[in-house]
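> Sequence and predicted model, in that order:
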Amino acid sequence: MKRLSFSALLAGCLLSGGNLAFSQGNAPGYRYGLFETSADVGAVKHPGAVLHDTAASTYTITGSGENMWASADGFHFVYRRISGDLALSADIRFLESGGNAHRKAVLILRQSLDADSPYADAALHGDGLTSLQYREAKGGPTREIQSAVQGPRRLQIEKRGDYVWMSVAREGEPLQSAGGSFRIRFSDPFYIGLGVCAHDNRVTEKAVFSRVELRQPPAPVVESTLETVSIASRDRRVVHTRRAHFEAPNWSRDGKDLYFNQGGRIMRIPVAGGEPQAIDTGFAIRCNNDHGLSPDGTQMAISDQSQEPRRSLIYIVPIGGGTPRRITPLGPSYWHGWSPDGKTLTYCAERNGNYDVYTIPAEGGTETRLTNAEGLDDGPEYSPDGRFIYFNSVRTGLMQIWRMKTDGSEQTRITRDEYNNWFAHPSPDGKWLVLISYEKEVTGHPANKDVMLRLIPVTPDGYGEAQVLARLFGGQGTINVPSWSPDSRQLAFVSYRLAPPE
């Protein structure tokens, strides 16, 4: 299908600040301002309705429906068909207090009007919970990324390419990214609009949408979001987001904090959210994304290139900060794992033009080379029982996950698929491997790519089939180093997006 240009679809729109934008006052002549028509979606007991007040520029939507979740939805939808990249924003409020805490007023993209259609929405719930919800496949489950902002006044949903993001604003404040994104492919044209679901099919609920705007997003800048994802539900939660570049989260041993690198420093932030604080690493102020905690949680290994000749070296510092103690005599060396007994570090290093896996005593000393295959061997990490080291190797053509004994013997291939697989991290309970997968055409592990986080079950009999944990825009910096929660129930990672400039 030929894709119509955004300007062609938005006939009659104004040119504002170099971007196509329109609101109720200058929209095409549809029945409901910006939108063509309305309809109930799914099984609803009470018919919905829309009141468009042209003078006040508001949409009051009445909707019934049991839910917008799981594999099917029930709600009232005012919509239009559209194509391309866009951003839809509105102030949202429920007309009456009370009602079901999970009632929803949404800005939504849908592939079709079927109840089980793929969709993405920015949803304000009755209790103030705000989340970015999505169903990737027709009839599939619904997932969500919960915002850290409770009860915002204004929401925005943005689609750029195959990625969707949400922004939020409290009363009197400008829109700020809510953090988190996901990949979902809509075929042109798709549906965009406003919706209300009562979350109780016996009643109806009303919400008012005002200052509704639809526009084409401007040129982007990079934004980073630190997230956690539940292994059981696959739902994600935003911990921290900034228009800055940060990478590679580790989880503290008590499960309360996350560590990541930003601007050459190691930062700490509570898992519950807050402002990150820099750890004192002395002269080491050019830290990269290869860092992690000791088994007892009292120390951190960092990879830093502050000292001449600016080649990455491995150091150990107290977890609360202090003077770095140098471990590797040679560089470049990039830390990746700590043995469960705390006695040995494993890392990737370039020696004589080849990158291989090495180990070295945690107190320093002589390094031991474990791999010698042609091409890159990288990302080594110990199994929880200390018997094996997982690593990724390109020796067979595509990057795949391998395992070996800690002396380098019995190197065995684990994955055999058509992806480039990097950085296998075993869960603390030994039941899972998580890895990041690129398409086979991608060389190396670059940033800003469509990637998947995948889980591989580990059993006494071997390894199960890989399962998709999350699809996202990321790559380099997403999960370079160990990032499991201590209870093996969650994973921390960094996603990225190409966000509109301030």
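Cool, got the structure. Numbering: from 1, shown residues only.

> Please identify the buried residues of stretch 126-141?
Buried positions in stretch 126-141, judged by neighbour count with 16 or more other C-beta atoms under 10 Å: 126, 129-136. C-beta coordinates here come from the backbone N, C-alpha and C atoms, glycine included.

> Please measure how far the first residue of that stretch sits from its last one.
22 Å (C-alpha to C-alpha, to the nearest Å).

> mind checking how far that stretch is from the chain centre?
Averaging C-alpha positions (C-alpha atoms, centre = their mean, to the nearest Å) puts stretch 126-141 15 Å from its chain's average.

> Tell me the first helix or strand C-terminal of the helix or strand where Trp422 lies.
Assessed by DSSP states H and E, Trp422 sits inside strand 419-426. As assigned by DSSP H and E, the chain's next helix or strand after strand 419-426 is strand 432-439.

> Beyond that next one, next helix or strand please.
Using DSSP H and E, the helix or strand that follows strand 432-439 in sequence is strand 449-459.

> Within the sheet, what are the partner strands of the helix or strand following that next one, with directions?
Next helix or strand after strand 449-459 toward the C-terminus (DSSP H and E): strand 462-463. Sheet pairing of strand 462-463 (DSSP bridges) gives strand 449-459 (antiparallel).

> neighbouring contacts of the partner strand?
162, 183, 229, 231, 401, 414-415, 419, 421, 424, 426, 430-439, 442, 463-475, 478-479, 491, 493 (C-beta atoms under 8 Å, 6 or more residues apart in numbering).

> Going through the residues you listed, which ones are buried?
The neighbour-count criterion (16+ other C-beta under 10 Å) marks 183, 229, 231, 401, 414-415, 419, 421, 424, 426, 432-438, 442, 466, 469-475, 478-479, 491, 493 among these as buried.

> how much space between Asn443 and Asp429?
Quick fix: residue 443 reads Thr, not Asn. Distance from Thr443 to Asp429, counting by C-beta to C-beta, to the nearest Å: 34 Å.

> Which single one of the buried residues of stretch 126-141 is nearest to Arg154?
Checking the buried residues of stretch 126-141 against Arg154 by C-beta to C-beta gives Thr130 as the nearest, at 10.6 Å.

> Walk me through the domains of this protein.
Taking automatic domain parsing as the reference, the chain has its domains at 6-215, 221-499.

> Find the residue closest to Cys197 in space, skipping its chain neighbours.
Phe75 (3.7 Å; C-beta to C-beta, 6 or more residues apart in numbering).

> Assign a three-state SS to the residue lying farthest from the centre of the chain, would you?
Going by C-alpha atoms, centre = their mean, the residue of the chain most distant from its centre is Ala55, 40.2 Å out. Taken by DSSP: H, G, I helix; E, B strand; the rest coil, the conformation at Ala55 corresponds to coil.

> What of Asp356?
strand.

> for the residue nearest to it when sequence neighbours are not counted, phi and psi?
If the residues on either side of it in the chain are set aside, Asp356 comes closest to Thr371, at 4.5 Å by C-beta to C-beta, 6+ apart. Reported as degrees, to the nearest 10, the phi and psi values for Thr371 are phi -120, psi 150.

> OK, contacts around the closest residue to Ser495 other than its chain neighbours?
Leaving out its chain neighbours, the residue that sits closest to Ser495 by C-beta to C-beta, 6+ apart is Leu472, at 4.5 Å. Neighbour list for Leu472: 181-183, 451-453, 478, 493, 495 [criterion: C-beta under 8 Å, 6+ apart].
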